[in-house]
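Chemist: structure for the following, please:
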Amino acid sequence: MNDRQIALEPFRTHYIAHRGLFDNTSDHPENTLPAFQRAVDAGFGVELDVHLTKDDQLVVTHDDDLLRICGENVLVRDLTYAELQQRHILASQQTIPLFTDVLAVLDGKVPLVVEIKDAPRLQETCRRTDKVMRSYNGPYCVESFNPKALLWYRKNNPDVPLGQLSDDFADDPGAGSRVVNWALTNMLLNAWTRPDFIAYRWPLAHRLSLRFWHRVLGCTMVAWTIQSPGQLAVASRYYDVLIFDSFVPTQTGPADDGAR
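Modeler: Residues are numbered from 1 along each chain as shown. So this is what the prediction gives:
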C-alpha cells in the first residue's frame, strides 16, 4: 500500500455526504455553507464540486449553469463572484459560496472529496484548486470525470490521492462519439493516469471494466450516489468508500466487519 492509499484511509471509515448534508427544500440546500456545517457537525465526510467564475474565483456548485438551482439559464463561468451572490439557491436565502469559505467551515475536521468539474479552463481550475489545497490541513482527495485533470495532478502534485469518476456513457450524447463514450465508460486512460481510486455509479459494481481496473491497479472503490439505507447496505458489499445523499445514515461510517 503506497502513501496515497494510506491517505485514503479516513474516507474508508467515514460515509461521505454528497454536496454536504443538504435538504433542497430548506435553508441548507446542496453545496452551501449550512449544508457543509451540518455534515461536519454530524461527523460525515464531504464531497463537493468546484468551478471557476468569470473573475477567476473558485466557487462550489455542481452544475455548469444556474438553471436548476437558480432558475436562470446562464453559465457559472460567465458570471463574476459578485454577480453570483445576487442569485439565491432554490427556495433558500443561500448563495453559491467561495471554495475558501467552505474550507474554513470544514477546517480539516472531516475527509473531503474535491471534484474538478470539466470545463474549458480545466487546467486553470486544477492549478487554482491545488494552490488553495496546499495550505489546507486535513484529509482530502481529488476526482474528475476528465482524465486530463488527473494527468495535471500527476505532473504537478503527485502526492495527492486521485480518483477517476466514471459511469455508463452509452446513452449520453453529451459525452461525445460512441468511441469516446466507450473509452470513458471503460476508463481506458487509466493506463496513463493510474488513479488511486475509481468512483462509479453504485449499481454498476459488476461491470467488467470496473473490476478489471480494481484488480490491475489495486485501487480503492468508491460508490456514488447512494440514496437509501437499503442501497447503502448493498453497496457496502462491493465498495470501500460510500457517497450518499437524500437520507441520513444512522452512523458516521461503516462498521469494521471485514465485509470486503
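Chemist: tell me how many other residues crowd residue 49.
Modeler: Applying other Cβ atoms under 10 Å, we find 21 residues neighbouring residue 49. Just so you know, the C-beta spots here come from the backbone N, C-alpha and C atoms, and that holds for glycine as well.
Chemist: that one against residue 117, yeah?
Modeler: Yes - counting by Cβ atoms under 8 Å, a contact exists between residue 49 and residue 117, whose distance comes to 5.5 Å.
Chemist: what's the overlap in contacts for those two?
Modeler: Shared contacts of residue 49 and residue 117 (Cβ atoms under 8 Å, 6 or more residues apart in numbering): residue 62.
Chemist: closest to the centroid, which residue in the protein?
Modeler: Nearest residue to the geometric centre of the chain (Cα atoms, centre = their mean): residue 115, 3.9 Å.
Chemist: buried residues of the host helix or strand of residue 209, list them for me.
Modeler: With the criterion set as DSSP states H and E, the secondary-structure element containing residue 209 is helix 208-217. Buried residues in helix 208-217, counting neighbours by 16 or more other Cβ atoms under 10 Å, are found at 209-210, 213-214, 217.
Chemist: related to what we said a few turns ago, what about the residue nearest to the residue nearest to the centre of the chain when sequence neighbours are not counted, which SS state?
Modeler: Residue nearest to residue 115 in three dimensions, not counting chain neighbours: residue 49, with 4.6 Å by Cβ to Cβ, 6 or more residues apart in numbering. Reduced to three states with DSSP: H, G, I helix; E, B strand; the rest coil, the structure at residue 49 is strand.
Chemist: could you measure residue 49 against residue 19, distance?
Modeler: If you measure residue 49 against residue 19 using Cβ to Cβ, to the nearest Å, the figure is 7 Å.
Chemist: can you check which residues contact both of the two?
Modeler: Common neighbours of residue 49 and residue 19 are listed as 31, 62 (criterion: Cβ under 8 Å, 6+ apart).
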